[in-house]
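> I would like the atomic coordinates for the input below:
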Amino acid sequence: MLTITSAQLLAWLGAFLWPLVRILGVMTSAPIFSNRSIPVTVRIGMGVMLTLIVAPQLPPMPDQDPLSWTGLLILINEYLIGIGIGFSWRIVFTGIEMAGELIGSTMGLSFATQFDPMSQGRSSAVSQLLSMLTVLLTLSANLHLLFLEVLIQSFQSLPVALESMDRSFFKQLALWGAHMFAIGVQLSLPVVTALLIVNMALGVLTRAAPQLNLFSIGFPITLSAGIVMIGLCLPYWNEPILKMLREGIQMIQTITRAL
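Sure thing, here's the model as predicted:
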C-alpha cells in the first residue's frame, strides 16, 4: 500500500513552491513577460508550466517547512531574487526608451505623448517607436528564450537557500542601473548632434535676418530634420540594441555567479 507522509508532502511543496516564486518574480518585473496586455492568469500559468518543466532538474531544496517562518523568509528571498533578475534586463529597455525621450524632446515632440501599455504611463512617440523596435528585435533574435535559459541557470549558480542573497546583490543592481543613462546617450547621440547643428544654423540665420520668425520656421525644420535622422539611423540601431540586450543577459549571469 502506498503511503505518503506529511514530511514528503512538505518536501514536494517546497520543491515546487520556491522555484515558482522566483519565476513569478521574474514574470512580474522582466520586460515582455510583464507586459500589462498579458492577463495575470496567463503569466501565472506560464510560471507554473515552466516550474513543472524545470523543477525535476533543480538542485536539492532546503530541508525546511514551507509553512514555517524560515520557509516564509526563503519565499521572500526568492521573490526578491526574481524581481532583481527581471529588473536587470528592464534597465536595458528603459535606457533605450530614455534615448527616445531625449530625441523627442530635442525634436520638439515632448508634448506629443501617448499612453504606453508597456510602462503603464505616458511617453513620447519616439520612445514608443524604439520600445516596439526593441521588443521586435528581442523576439526575432530569440533573446527571450536566452533570458529564460539564464533564469533556469540561476538556480545552479544561486541555489534556493535562506542565505543565498546579500547586500552585494542590490549593489550590483545599482551599479548596473548607471548604464541606463549611458545607453540612452549612446543611442540618441547621432540624432541629438544633428539637431544641435540644425538649431545652431537656425540661430545664425535668425541673427542674420531678424525679420524671420524663428518659431514659425524653426519647429517645422527641426521636426523634419529629426524625422530624417531617425530614418537614417534606424537601420544602424539594430546591432547596438541587440548588443545591449545581450549585455543585460550577461550581467544577470555575472550577478548570480558573483553571489
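> neighbouring contacts of stretch 127-140?
Residues outside stretch 127-140 that contact it (C-beta atoms under 8 Å, 6 or more residues apart in numbering) are 31-32, 93, 96-101, 104, 114, 116, 118, 123, 143-144, 187, 230, 234, 237-238, 241-242, 245. Quick note: C-beta positions are derived from backbone N, CA and C, even for glycine.
> hmm, try it at 6 Å
With contact meaning C-beta atoms under 6 Å, 6 or more residues apart in numbering, stretch 127-140 is reached by Phe93, Ile96, Glu97, Gly100, Glu101, Asp116, Met118, His144, Ile241, Leu242.
> just flag the most distant two among the residues you listed.
Using C-beta to C-beta, the two most remote members of the contacts of stretch 127-140 are Glu101 and His144, lying 24.3 Å apart.
> now pLDDT too, for the contacts of stretch 127-140, in CSV please.
Shown next, in CSV, are the contacts of stretch 127-140 (pLDDT from 0 to 100):
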residue, pLDDT
Phe93, 90
Ile96, 89
Glu97, 87
Gly100, 86
Glu101, 86
Asp116, 59
Met118, 57
His144, 88
Ile241, 90
Leu242, 91
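> tell me the one of those residues nearest Arg22?
Closest to Arg22, out of all of those and judged by C-beta to C-beta, is His144, at 17.3 Å.
> tell me who's in contact with the closest one.
Applying C-beta under 6 Å, 6+ apart, we find His144 in contact with Ile32, Thr138.
> in the stretch 151-259 of the chain, where is pLDDT below threshold?
The model of the stretch 151-259 of the chain has pLDDT under 70 over residues 162-168, 211-215, 258-259.
> that older thread, with secondary structure and distance to Phe155 added, can I get the contacts of stretch 127-140 in CSV?
Formatted as CSV, those follow (DSSP: H, G, I helix; E, B strand; the rest coil; distance: C-beta to C-beta, whole Å):
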residue, secondary structure, distance to Phe155
Phe93, helix, 24
Ile96, helix, 29
Glu97, helix, 30
Gly100, helix, 35
Glu101, helix, 36
Asp116, strand, 33
Met118, coil, 28
His144, helix, 18
Ile241, helix, 29
Leu242, helix, 26
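> quick one: stretch 30-47 to chain centroid distance?
Its chain's average C-alpha position is 14 Å from that of stretch 30-47, according to C-alpha atoms, centre = their mean, to the nearest Å.
> got the contact list for it?
Residues from elsewhere that reach stretch 30-47, judged by C-beta under 6 Å, 6+ apart: Ile23, Leu24, Met27, Thr28, Gly86, Trp89, Arg90, Phe93, Pro117, Gln120, His144.
> what is the most widely separated pair among the residues you listed?
Farthest pair in these, by C-beta to C-beta: Ile23 and Pro117, 22.9 Å.
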